[in-house]
Structures are given as structure tokens and as C-alpha cells.
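**Student:** Fold the following and give me the result.
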Amino acid sequence: MFRRHRRLVTALTATLLATACTAGGGGSPADSGPKAEAPQTIEVWHGWSAPHEVKAFDDAVAGFRRLHPNITVKLVKGQDDTKILNAVRGGNPPDVVSSFSTNNVGQFCSSGALQDLTPFLQKDNVDLGIFPQAVQTYTQYKGARCTLPLLADDYALYTNKALMKGEQPPKTISELTALAKKLTVRNPDGSIKVAGFLPSDTYYEHVPEHIAPSFGVTWLNAQGRANFASDPGFTKYLRWQKSLLDWYGYDNVKKFVHSMGQEFEASNPFEKGKVAMAVDGEWRVKFLQQEAPKVQYATTPVPVNDDRQTTYGGGFVTGTVIGIPRGARHPQASWEFVKYMTTNTDALVTFANGLGNVPSTIPALSSPKLTLPPQFQTFLDVFKNPNSTTIPSTVNGGDFIVKFQSFVQDQWEPGKVSDLHQGLTKLDTQVDNALKLAGG
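**Tutor:** The predicted model follows:
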């Protein structure tokens, strides 16, 4: 598994609030516990579980083991946020943890489940400028930087060259819409045989997180409140989406989606030539290399709304994060591990080559040791583009994304919303109430 699917991430607020009341400790963690030079064993939990993933992580860790022979690193695979938080709450956490969900960083930091790394960063004069701004944003919450990035994901437009029939990849939403209609092939009964581009939220990675930024949306306002009704970008996004969806026919899209293969298997419709254009993550490059090597395709940045053409080249950025749990028994050695894995170019490139993910520092992007296919260059460029964005951290994680996606999928797409502004206003209230309940 090259990346995790991030659809409808569930909040862990109750667990995290309980966590905030446990596993204390005084003094600066950067100076506590055994010295990093002392012989010791640290336990590192991560979420990767497939054999090639585990090997890729172990290969990246090998350099740390050579550099710090006094530190024995015990790697524990297949761990998720719930297991991590239960361990912290129980007062017996590992020394280092990684999480697949940047949506939970706000919860990790505000609850104290993961330690603020600022004292460690300052002590070692680590320059945060090696990380793009979007990455700096999703690894902290209200000034508490309790995580650092460990590889990244971003999104681009994949185009099947055979199905494109000589057409150039679109750069604007109007171009995307025209091509989607031109390249779609229907069966005699009007159902979809080949889709030019499916605008539905139910199509894999075509979720609001990845498409709405093309319309310049701001998820939360300056006061940290939901911005759906006030930001015209959301209305533009939703009306465009519904218009193209209605052109296909909602029932036709549902039928096509239900006939699709699994996203992370060789039956994926883009790999099978059933979809001409699709927004997807960088991991699809390696999937295509292994599962559909005969498919000729290109990658380009996700098209932007026509009034935002100067921002073309950016995209949505997210990724894996790594941190030190509260109560970790070897914080200094843990920091050496976290620092190495997140700032050492060779470690990041080794890991990126193994997983097919984006190395998460700017220096690593230009490493000659990167051995990924030419189509991967788009994702390297999107990652460092100043127009790339991410979603803001909140005290209840990605709850506002979950609620918006549910509104789109369950109400907007089926045509159950008669007054869009009224529907978005109601959604704002629901999001704000949930934030208030969680302490935000």
C-alpha cells in the first residue's frame, strides 16, 4: 500500500481529551531522560504493514542505526492512531510514533498526546525552511509543532494518452469540463462506457479536499469558524460539480461507480482504460508501473477555476507525520531518530523510492538518487509550489471535512438541496457547534 485513502477520517476527540489528563512530566523534554549517546533501546510504532512497505521503512532506518550504534531501534508495524492514543492514555507509550492522518494533528497537539517538538528544534537549530509552507502548516496546531513530516502525498491530474485522442491535458475547469464531455463514451442506453472525468465525490480521490482547492476555498475563517456559506469558492465548486454530474445523469454515475474495481487494485478503472482523466495521488505512478505498465499516461497539475489561472501548478498536499508521545522514556534518543528520518536526505529518498511517495523536504526533491518514473516529476513540482495548500488543523481533527463531504455525497449530489446557501449555512452551524463541543 503506497498511501492510505483519506476519505471520511473519523475524529478521536473523546480519546484525546482523556489522553490530555494522563502521562505528565515537568522540565524540558529536550534535556530529560537518558542522553542520546547512552546505550538504550527505543520503540518506534508505524502504520505500514505490507512486506514491501515494512522493508522500505527498515531500509530508511538502516542509516540511523549506522550513525547511532548505541541506540537499538525496535520497529513495530501496523499501528494506528487509536492504538497510539490508548498507549499514551495508559501511561505506557512507545518512544516514537507515526500517523497517516494529518487531520488528527490538531487533536494530537492540543491534547498533549504528542510532545511539542519546538524545544528540540531550537536546541539543534533545525531550519523549518526545508519544508514547504503547506507542510509546516499541517504539522502544527496553534504554534505547537508536535509532529514533523515523514514523506508526503499530493495530487495531480492523470490523463490516459490513448483516450485523450491527441487532446492536451486541461489547465482550467472550463477546459476540463469540455474535455470530460468530449471524451465520454456512452452505451446505447445512455449509461457510461468510458468516462471523460467523473465529478462525483464517490469516485475515489475526487473528494472535496482534493478538488475544492482549485476554486480557492478557505475552509475556516480567521476566527476558526466554518466558512462554507461565506466563501464563494464553495458555491462555485459545488455548482460546477453538480452541473457536470447532471450532464452525465446522477443514476448513470451511480451505476458506473458501483461497477468500478477497487481503488488500490489492478481493477482500478483508470488502469483499465475506463476513465480518461482522474485526480489521484502520487502513489498511482508506482501502481501503474507495476499493474498496468502498458498504459501510456501523463501527469499534470489539477486544473484550476478560470478566474485563478495564475495559481495553476499548485495542488493539495498532505502526508505521514511522526512525533514523540507524551511519557516517552527516551526523549533525547527519540528526537535523534525523528530528526534523522525527517531531515536526512538519503533516508527520505530511500523511503520515497521504496513507497513511491514524495520526499518531504525541498533538498530531497532534487536528489539524483530518486529513481521514480518521469511522470513523478509533476508531484515533486506540486509539492514545492507556493500555491499548494492543505487543510487547517482543528481540535476535533477533520470533522469539518467529514461533515462537508457528507453534505456533498448524501444531499447535494442526489439533488436534495433546494437552497444551496441555506444548506451551507446550516452546515456551518453544525461544524461550529461540534468545534465548540470539542473545546475549539
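**Student:** List the single closest residue to residue 43 in space, sequence neighbours excluded.
**Tutor:** Leaving out its chain neighbours, the residue that sits closest to residue 43 by CB to CB, 6 or more residues apart in numbering is residue 94, at 4.1 Å. In short, each C-beta sits where N, CA and C put it, glycine included.
**Student:** Wait, the one you found touches residue 46, no?
**Tutor:** No: assessed by CB atoms under 8 Å, residue 94 is found out of contact with residue 46, at 9.8 Å.
**Student:** joint contacts of the two?
**Tutor:** residue 76 (CB atoms under 8 Å, 6 or more residues apart in numbering).
**Student:** tell me the contacts of residue 254?
**Tutor:** residue 202.
**Student:** separation between it and residue 248?
**Tutor:** Residue 254 sits 10 Å away from residue 248, going by CB to CB, to the nearest Å.
**Student:** got it, and residue 220?
**Tutor:** Relative to residue 248, and taking CB to CB, residue 220 is found at 32 Å.
**Student:** cool, and residue 289?
**Tutor:** Distance, residue 289 to residue 248, using CB to CB: 30 Å.
**Student:** Compare these two (neighbour count), which wins?
**Tutor:** residue 248 (24 against 15; other CB atoms under 10 Å).
**Student:** Verify the contact between that one and residue 184 for me.
**Tutor:** Yes: counting by CB under 8 Å, residue 248 does reach residue 184; the two are 7.3 Å apart.
**Student:** shared neighbours, the two?
**Tutor:** Counting by CB under 8 Å, 6+ apart, the shared contacts of residue 248 and residue 184 are 192, 195.
**Student:** which residues of the stretch 301-440 of the chain fall in strands?
**Tutor:** For the stretch 301-440 of the chain, the strands defined by DSSP state E, counting those that start in this stretch cover 317-323.
**Student:** Let me see the contact set for residue 139.
**Tutor:** 102, 105, 131, 145-149, 321.
**Student:** repeat for residue 154
**Tutor:** 281-282, 315-318, 358, 379, 382-383, 388.
**Student:** so where is the stretch 301-440 of the chain shaky, pLDDT-wise?
**Tutor:** Applying pLDDT under 70 to the stretch 301-440 of the chain flags residues 440.
**Student:** Do you have the helices of it handy? List them.
**Tutor:** For the stretch 301-440 of the chain, the helices defined by DSSP state H, counting those that start in this stretch cover 331-343, 345-355, 362-365, 377-384, 399-407, 420-437.
**Student:** Tabulate those helices in JSON lines, adding columns for mean neighbour count and distance to residue 28.
**Tutor:** Below are these laid out as JSON lines (neighbours: other CB atoms under 10 Å; distance: least, CB to CB, whole Å):
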{"stretch": "helix 331-343", "mean neighbour count": "23", "distance to residue 28": "9"}
{"stretch": "helix 345-355", "mean neighbour count": "22", "distance to residue 28": "26"}
{"stretch": "helix 362-365", "mean neighbour count": "18", "distance to residue 28": "29"}
{"stretch": "helix 377-384", "mean neighbour count": "22", "distance to residue 28": "33"}
{"stretch": "helix 399-407", "mean neighbour count": "22", "distance to residue 28": "33"}
{"stretch": "helix 420-437", "mean neighbour count": "16", "distance to residue 28": "31"}
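**Student:** To residue 176, which of those helices lies closest?
**Tutor:** Residue 176 lies closest, by CB to CB, to one member of those: helix 377-384, at 15.9 Å.
**Student:** ok so, going back, which among the contacts of residue 154 end up buried?
**Tutor:** For those, a burial check counting by 16 or more other CB atoms under 10 Å picks out 281-282, 315-318, 358, 379, 382-383, 388.
**Student:** average model confidence for the helix or strand in which residue 58 is found?
**Tutor:** Assigned by DSSP states H and E, residue 58 belongs to helix 51-67. For helix 51-67, mean pLDDT is 96.
**Student:** Confirm that residue 149 sits in a strand.
**Tutor:** Yes: assessed with DSSP: H, G, I helix; E, B strand; the rest coil, residue 149 lies in a strand.
**Student:** distance of the spatially closest residue to it that is not a sequence neighbour from residue 135?
**Tutor:** Nearest non-adjacent residue to residue 149, counting by CB to CB, 6+ apart: residue 360, 4.0 Å away. Applying CB to CB, the value for residue 360 to residue 135 is 6 Å.
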